[in-house]
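**Student:** Make a model of this:
(chains A, B and C)
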Amino acid sequence: MNEKNKSKIIISTHKHENLYFAVGYSEKKKILRIALPQKSLEDAVNEISKYYPNYQLSNENNKTAQNLSQMYHGENIDFDLEHLELDICESSEPKSTIKTSFERDVILKVAKIPYGSVKTYKEIAKSLNSHAYRAVGTAIGKNPFPIIIPCHRVIRSDGKIGGFRGGTPMKVEILKNEGIKIEASKIKVD
DNA sequence: GATTGACGCCGAG
DNA sequence: CTCGGCGTCAATC
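**Tutor:** Sure, this is the predicted structure:
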């Protein structure tokens, strides 16, 4: 059931205060997966290694892992998507990789949402000429590059925050760090 | 086919 | 405001 992958990867980490960030690379230096921040190094590494058991930890300071932390804390970093592995993967690849063109299209749309603004699941669907609002949510839920591909900027049409793999409270925190106003669990529009 | 979603909309309480 | 129920469609079983 739990799909694993034999390919060898490198995991780099970064610590900021009590949060640990992790990034998984292929041998070609393409980013395969980003982990949401965790309270321990083990947990952060595990977020990657559970999909890629054949890994090696890197000691070098890693710019992406550092950028990840900065973005989480609300800095507006212009990240080059060229570093991400955005190709459609074989079905034998681990879960939460991009496997269909629909998922890829959704992820690419989300990537274009500017810092400090939000879009709804419905708007994403509409921009793809689709009514599959729920499928958009499901596809975003598989986002292998959370924070860098800003899935936290996608909210519900009624203004509520919506789901998040790291839990809605984390989504709220990231949005607030970006300066978005939230009151009574809803995005405040002015 | 049948079930399951990080959803949307409307109507009832 | 909350809740149920139905709409909708891609992915998965």
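**Student:** for the residue positioned nearest the centre of chain A, what are its contacts?
**Tutor:** Nearest to the mean C-alpha position of chain A, by C-alpha atoms, centre = their mean, lies A:P146 at 0.9 Å. With contact taken as C-beta atoms under 8 Å, 6 or more residues apart in numbering, A:P146 is in contact with A:34, A:36, A:152, A:165-166. C-betas here are computed from N, CA, C, even on glycine.
**Student:** hmm, try it at 10 Å
**Tutor:** A:33-37, A:47, A:68, A:72, A:96, A:140, A:152, A:164-166, A:170-171, A:174 (C-beta atoms under 10 Å, 6 or more residues apart in numbering).
**Student:** how many other residues sit next to the residue of chain A found nearest DNA strand B?
**Tutor:** Residue nearest to DNA strand B within chain A (C-beta to the nearest atom of the strand): A:G163, separated by 2.0 Å. A:G163: 16 surrounding residues under other C-beta atoms under 10 Å.
**Student:** where's the residue nearest to the centre of chain A relative to A:K126, distance?
**Tutor:** 23 Å (C-beta to C-beta, to the nearest Å).
**Student:** for A:V118, same thing?
**Tutor:** 15 Å.
**Student:** same check, this time on A:G179
**Tutor:** 26 Å.
**Student:** neighbour-wise, which of the two wins?
**Tutor:** Neighbour totals were compared for A:G179 and A:K126, and A:K126 leads with 14 against 11 (other C-beta under 10 Å).
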